Structure formats: structure tokens, C-alpha cells
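Visitor: Give me coordinates for this.
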Amino acid sequence: MNTKNDTSLRYHRDTFDYHNLKPNNIDRIQIDMIPDSSHVLEIGCSTGFMAEYLVQKKNCQYLGIEAEIEPARVAQKRGLTVLSGFIEDAEIKKQINSHIAEFGPFQIIFMSQVIEHIAVPERTLETIKQWMHYDCCLVISTCSIAHWRCRFRLLRGIWRYEDFGVFDHSHLRFFTISSFRELLEQCSYSVVDFDYSFEDICPFTILFGTRLIAPSAILRLIPFIGMRLRKGYTDLAKNLISHQFAGV
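Guide: I've put the predicted structure just below:
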């Protein structure tokens, strides 16, 4: 699995062009889960590449948290209100509470590809409840360790940490769709919406690194019913083909 060339799992991007993203793109999926004019707290906002769209195009009231100093500075240069640190830090909590005192509790808490970097995610999921509006939604995503590329890699006895992707060296937790849902439910969250990005399994991809004749691509070509068949197939096979998934 060559994750070094996998830009879908790179965190520090500079641009976000919503209209050029495919419907299958996880960032587009997540952005669509956030209503216009929401009051948003984003944990792990990176350079603010999605936050800028939320503020400028969706008219959201926004506060971001980013642990790494340099990406936080980039986000701040975009004109975004971003705090540098961890939500467990007393000073960060104080500033979040000050923001809430001025603007009210958050309607959306956004955690994109963050939970896998946290050693005890249960603690974080409990901590953020204190900042939620009574009808707040948590929009959260992670990557799948059950994707067919990961399974094929492990079948060959390979576990190698890399700079990006599912096997990112900074990942402390790994999830399947089921274990991700179980984590949320154990922390008293109800999953009301769920979607995923996928890369379909294909023998040509495995053997030659070329995506040809994937089942989903063949099904969509069938006249009249192709897209319905494709949707049924991808939903049935989502544990195998989902690359990243998001819930709310």
C-alpha cells in the first residue's frame, strides 16, 4: 500500500476546492454534514483549509483548535480564529469557555481524521460534551483499517508505519466501521447519519497498480438500473472498500 502518494489522507493542505471534489471525497462528505450558519468548533483544524470554506461559503461562526504550531499559524493568517494547543490544556479550555460566554455553545463539533491520533479517545469525546449546544451534532471521521488494501498488506505479513495514510506513524488507534460506531455509542452518542469514501477492490490494482474493471465501475454502466445496483453493492461491501468514513 503506497500511502506516500495518497493525498486523501494528508492533513496539512493549503487549498480546498469543494466543487472540484468528487461526491466520494471524505472532505466533501463531511462539509455537507455541516449546516449553513452553524456555530462550529473544529478540533484538529490543521491549516484551516476546510474552515475557510465553512466561514466564507457556509457563513459559519468558527473556532478552531490545532495542536501543531505551524499549521495553526497558517490558519490564523487566513483570518480564522484558531487556538494552538490541546483541548485538555487548562488555558485552551479557558479560551473555549470565554468564546462560549460571548457566542454561546457550539452547534457543531467537527473532528476530521483526528480521533485516530488520540490515545484515549473516550476521554476526548466526554470532554467536548461540556461545550455542546443541546442539539449539537458531532461530525467526526477516521480511516478504516479494514480496507482491502490494509487486509492484503497484513496478509503478506507487512506492518510498516509511514508518513501518511492509514499506517501514519502518529496513529495511536485503528478503527473498523463497527468499532468506530461502538466507540461513539459507548460515549452516549447516537449515530444519525453515516457515509464513507471508498476505493473499490480490483485485481488489476492488486497486480499492476492500475484501477481497471472494478465491480462498482462495471455496475454503473448497466442501463437504467446501474447506479442503483452500484449503490447496493458499495453498501454491501463497505467494510471491505471504505477508505474513510464519517458519522454525525
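
Visitor: Residue 108 looks like it's in a helix, true?
Guide: No: in this structure, residue 108 is strand, not part of a helix, as judged by DSSP: H, G, I helix; E, B strand; the rest coil.

Visitor: where does this protein dip in pLDDT?
Guide: For the chain, the stretches with pLDDT under 70 are 1-13, 204-212.

Visitor: That one: helices as residue ranges?
Guide: In chain order, the chain shows helices spanning 26-32, 51-56, 69-77, 90-103, 121-127, 148-155, 177-186, 203-208, 215-219, 226-236, 238-241, with DSSP state H as the criterion.

Visitor: how far does the longest one sit from the chain's center?
Guide: Taking C-alpha atoms, centre = their mean, to the nearest Å, one finds the center of helix 90-103 at 25 Å from the center of the full chain.

Visitor: got the contact list for it?
Guide: The set of residues that contact helix 90-103 without belonging to it, under C-beta atoms under 8 Å, 6 or more residues apart in numbering, is 39, 41, 61, 63, 65, 81, 83, 85, 86, 87, 106, 131. Just so you know, the C-beta spots here come from the backbone N, C-alpha and C atoms, and that holds for glycine as well.

Visitor: of those, closest to residue 155?
Guide: residue 86 (36.7 Å; C-beta to C-beta).

Visitor: quick one on the thing from earlier: now which of the contacts of helix 90-103 would you call buried?
Guide: If you count burial by 16 or more other C-beta atoms under 10 Å, the buried members of the contacts of helix 90-103 come out as 39, 41, 61, 63, 65, 83, 85, 86, 87, 106, 131.

Visitor: mind giving me JSON lines with the helices of the chain and columns for mean neighbour count and distance to residue 17?
Guide: Compiled in JSON lines, these are given as follows (neighbours: other C-beta atoms under 10 Å; distance: least, C-beta to C-beta, whole Å):
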{"stretch": "helix 26-32", "mean neighbour count": "20", "distance to residue 17": "10"}
{"stretch": "helix 51-56", "mean neighbour count": "19", "distance to residue 17": "9"}
{"stretch": "helix 69-77", "mean neighbour count": "16", "distance to residue 17": "17"}
{"stretch": "helix 90-103", "mean neighbour count": "13", "distance to residue 17": "29"}
{"stretch": "helix 121-127", "mean neighbour count": "16", "distance to residue 17": "30"}
{"stretch": "helix 148-155", "mean neighbour count": "16", "distance to residue 17": "26"}
{"stretch": "helix 177-186", "mean neighbour count": "15", "distance to residue 17": "28"}
{"stretch": "helix 203-208", "mean neighbour count": "12", "distance to residue 17": "26"}
{"stretch": "helix 215-219", "mean neighbour count": "16", "distance to residue 17": "24"}
{"stretch": "helix 226-236", "mean neighbour count": "14", "distance to residue 17": "25"}
{"stretch": "helix 238-241", "mean neighbour count": "18", "distance to residue 17": "25"}
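
Visitor: quick one: which two of the buried ones among the contacts of helix 90-103 are the most distant?
Guide: The distance between the two most remote of those (C-beta to C-beta) is 22.3 Å, for 61 and 86.

Visitor: got the contacts of helix 90-103 as JSON lines, with distance to residue 220 columns?
Guide: Listed next are these as JSON lines, based on distance: C-beta to C-beta, whole Å:
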{"residue": "39", "distance to residue 220": "39"}
{"residue": "41", "distance to residue 220": "38"}
{"residue": "61", "distance to residue 220": "40"}
{"residue": "63", "distance to residue 220": "41"}
{"residue": "65", "distance to residue 220": "40"}
{"residue": "81", "distance to residue 220": "43"}
{"residue": "83", "distance to residue 220": "44"}
{"residue": "85", "distance to residue 220": "46"}
{"residue": "86", "distance to residue 220": "44"}
{"residue": "87", "distance to residue 220": "42"}
{"residue": "106", "distance to residue 220": "39"}
{"residue": "131", "distance to residue 220": "42"}
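
Visitor: Of the residues you listed, which belong to strands?
Guide: When the contacts of helix 90-103 are checked against strands (DSSP state E), the matches are 39, 41, 61, 63, 65, 83, 106.

Visitor: Sweet, I'm off.
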